[in-house]
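Engineer: What would the 3D arrangement of this be:
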Amino acid sequence: MYKASATLVRYLARRFGVPLDRQHIIGHDNVPGPTDGLTAAQHWDPGPFWNWTYYMSLLHRTSQRAERAAGGSATPDGHHVVTIDPNFATNQPTVTDCSSGTCQQLPKQPASFVYLRTQPSFGAPLLSDPEPHPGGSAGTTQDDDWGDKAPVGGQYVIAGQQGKWTGIWYAGTIGWFYNPPGARQTARYTTGLVIKPKPGLTSVPVYGSAYPEASAYPNVVPVQPNNPLTYQILPGQEYVTTGTVPDDYYYAVTFNSSKPDDHTVIRGTTPYYQIVCNHRLFYVKAADVETEHVR
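Structural biologist: Numbers count the residues shown, from 1 in each chain. Next up is the predicted model:
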């Protein structure tokens, strides 16, 4: 399955000009929903046990060792961005499953994520993401609880370092993960293009879609609301961006295009930046942020 998927993705990426990196080759678990409810209910496949390092090595036709090394430096060297990169074989965190109605711990096995905690300590609660945990309850070890899991290949801006722990900006707060030097290191240090709120703004809204402004829609096409999600980016916070994306909405209501303007792409003039906000990719309006390339 890994090899068949990689062959197809290489072909599609070459045909449509998609970069072969983890900011563009994503799982369903990295896809946002256009509303809070749809984001909270979004799928979480391929799940915590998908070997992203192996899969990306197939796309690049390289070794897994080379794939990990490409994620950045093993030492901080003044860098401000990390790439989540634990050793897949030895990274075997506790994971539980509750799909049967009774939660049970799954057998220890390699996983492609690191847990995030509220403080730099194994005794601190797991991070509470407001989408899967709207009531503010702590994150869990459940396999479908994506809000406290930073995935392999995800890139985040460093918010702090304490001993063997690294803090990153994640979903509007700081998430801490264990990142000791040496064989148990779980992240690489790198550079990146980041966004931050423009001076004077007290917060920046985050969106689940890059929909156009209302005036871009033809009269026969219902305007798609693009309301901000529960996330906010506050002054001092920074997030890695994959760059600008065009606003668009694909209007399709029938199979045979029997209605006016059916099966058309509607584009406006509102540019967005796509950002790595948490486990998923989201959007901010370009007018609300400024960018900086940090090393």
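
Engineer: After the strand or helix carrying Gly175, which helix or strand is next?
Structural biologist: Per DSSP states H and E, Gly175 falls inside strand 173-178. Sequence order places strand 187-190 as the next helix or strand after strand 173-178, per DSSP H and E.

Engineer: what distance separates that following strand from the centre of its chain?
Structural biologist: Remark: strand 187-190 is offset 16 Å from the chain centroid, using CA atoms, centre = their mean, to the nearest Å.

Engineer: And the average pLDDT for the helix ranked longest in the chain is what?
Structural biologist: Ordering each helix of the chain by length in residues (DSSP state H) puts helix 2-16 first. Average pLDDT, helix 2-16: 98.

Engineer: May I have it as CSV, with CA atoms only?
Structural biologist: Coordinates of each C-alpha in helix 2-16 appear next as CSV, following Å, rounded to 0.1, in the frame of the first residue of the first chain:
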residue,chain,number,x,y,z
TYR,A,2,2.8,2.4,0.8
LYS,A,3,4.5,1.8,-2.5
ALA,A,4,1.4,1.9,-4.6
SER,A,5,0.3,5.2,-2.9
ALA,A,6,3.8,6.7,-3.4
THR,A,7,3.8,5.8,-7.1
LEU,A,8,0.5,7.5,-7.6
VAL,A,9,1.4,10.6,-5.6
ARG,A,10,4.7,11.1,-7.4
TYR,A,11,2.8,11.0,-10.7
LEU,A,12,0.1,13.5,-9.5
ALA,A,13,2.7,15.8,-7.9
ARG,A,14,4.7,15.9,-11.1
ARG,A,15,1.6,16.5,-13.2
PHE,A,16,0.2,19.3,-11.1
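
Engineer: which other helices and strands contact that helix?
Structural biologist: helix 52-60 (3 or more CB pairs under 8 Å, 6 or more residues apart in numbering; DSSP states H and E). All C-beta atoms are positioned from the backbone trio N, CA, C, and that covers glycine.

Engineer: tell me the angle of the helix it packs on relative to helix 2-16?
Structural biologist: Going by axes from the mean of the first three to the mean of the last three CA atoms, to 10 degrees, helix 52-60 is angled at 50 degrees with respect to helix 2-16.
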